[in-house]
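[1] need coordinates for the below:
(4 chains)
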Protein chains: 2
Amino acid sequence: MIAEQGVQALAVEPLARRMGITKGSFYWHFSSREALLQRALNRWEEHDSRNLNNALGEISNPRDRLVSFFRRVGKEKLTHEVYSELCAAAGHAQVEPVLERVAQRRMTHLSAAFEELGLDPVAARYQARLTYSVYLGFLQLQRQNQTPSLSSEEFDAYIEHVINTLIPG
Amino acid sequence: MIAEQGVQALAVEPLARRMGITKGSFYWHFSSREALLQRALNRWEEHDSRNLNNALGEISNPRDRLVSFFRRVGKEKLTHEVYSELCAAAGHAQVEPVLERVAQRRMTHLSAAFEELGLDPVAARYQARLTYSVYLGFLQLQRQNQTPSLSSEEFDAYIEHVINTLIPG
DNA sequence: CCATTACCATACGCTGGAGTATGGTAAACG
DNA sequence: CGTTTACCATACTCCAGCGTATGGTAATGG
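    Prediction:
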């Protein structure tokens, strides 16, 4: 429901309707709507954290790791949709810390890869932030239907362009 | 109110309270909350459109124009805050078309500047989208308090880095 | 001078979501 | 075999925002 309509759409009564149960039942499993959201957020963050290590941790060549970071945008659709909606809900007290940790983790990964490619630590940090900004901006454009379809050759060409611009070597 | 708390915070009763009037009075001036939001959106879009032409249209040197685009992120705080919140409300039926037009206008400007710098039309379009993504991603990071303060020297250094990476020549 | 117009307040009804109180049922268990 | 436990429904209350009905007042104009 977060992926479809955003954080605020994760509400007790709509959820219950959708599941064919009632509120009474829901409140046996969760103490409040806040608790439900917290569980959902924790679940997603864990999944995302594992994903980061599994998918990118294995690739030893730093350039391939970075390239894979961009190519991944096209896959794992659900997770990206959730993240996109979470970004839209920045400012929400429960969402904010999640976003902070996730962005931090990911940028640290990027920064390490850029350092391995020979950039000095400061430049690597800047480049990581820049790269992550591109990713965030892409998600935003996607929410506005301003990106070519993910499976078109224009999309692939654009990704090529981004890779060539941002990844040295 | 949009800049402070987002589109959904622009509500009739809170607005009336804040102005020290009542709902009854509000509904004499506006037919509905929707109408108010529409007027606010139109107003902002017009202001932004004029701004684009005034600030960037005058600069003849395309590189300076691009550099000024980035430097502007630090200024015009209110407008950027509004835009940032509008982006968060993408998916909203009234907000969506505004976002689409604004992004289109701005990217067209960027694309033209890159063409003037010698890029072929396709590369210029890609580079414009990339550049605009960086801007959107920056706004997002700002919403998450993940950027250095706008008036620090680290911020200036980062902007330098971005300019050097994205603007040819 | 009376009536219309512009502007604002009071007081209502409606809706949707949060949370609670209470009772029902089926399975497991002592 | 009765009772506890897990799970679910019904039926409320509470609250905040949207919109409306209606009446008051001050200024303006025929």
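
[2] how is residue A:150 assigned, secondary-structure-wise?
    coil (DSSP: H, G, I helix; E, B strand; the rest coil).

[3] which residue packs closest to it, ignoring adjacent ones?
    residue A:74 (4.7 Å; Cβ to Cβ, 6 or more residues apart in numbering or on different chains). The way it works is simple: take the backbone N, C-alpha and C, and place the C-beta from them, glycine included.

[4] show me the contacts for residue A:128.
    Counting by Cβ atoms under 8 Å, 6 or more residues apart in numbering or on different chains, residue A:128 touches A:107, A:108, A:110, A:111, A:114.

[5] can you rerun that using 10 Å?
    By Cβ atoms under 10 Å, 6 or more residues apart in numbering or on different chains, the contact list for residue A:128 reads A:66, A:106, A:107, A:108, A:109, A:110, A:111, A:112, A:113, A:114, A:115, A:119.

[6] so which of those residues are in helices?
    A:66, A:106, A:107, A:108, A:109, A:110, A:111, A:112, A:113, A:114, A:115 (DSSP state H).

[7] relative to chain B, how far out is the residue nearest in space to the middle of chain A?
    Among the residues of chain A, the one closest to the centroid is residue A:83, at 4.2 Å (Cα atoms, centre = their mean). To chain B, residue A:83 is 11 Å away according to Cβ to the nearest Cβ, to the nearest Å.

[8] could you list every helix and strand in contact with the host helix or strand of that residue?
    Per DSSP states H and E, residue A:83 falls inside helix A:77-88. Contact here means 3 or more Cβ pairs under 10 Å, 6 or more residues apart in numbering or on different chains; DSSP states H and E; on that basis helix A:77-88 packs against helix A:2-5, helix A:33-51, helix A:95-116, helix A:121-143, helix B:77-88, helix B:121-143.

[9] nearest to residue B:70, out of the ones you listed?
    helix B:121-143 (7.9 Å; Cβ to Cβ).

[10] residue contacts, the residue nearest to the centre of chain A?
    A:2, A:3, A:44, A:48, A:76, A:98, A:99, A:102, A:103, A:135, A:136, A:139.
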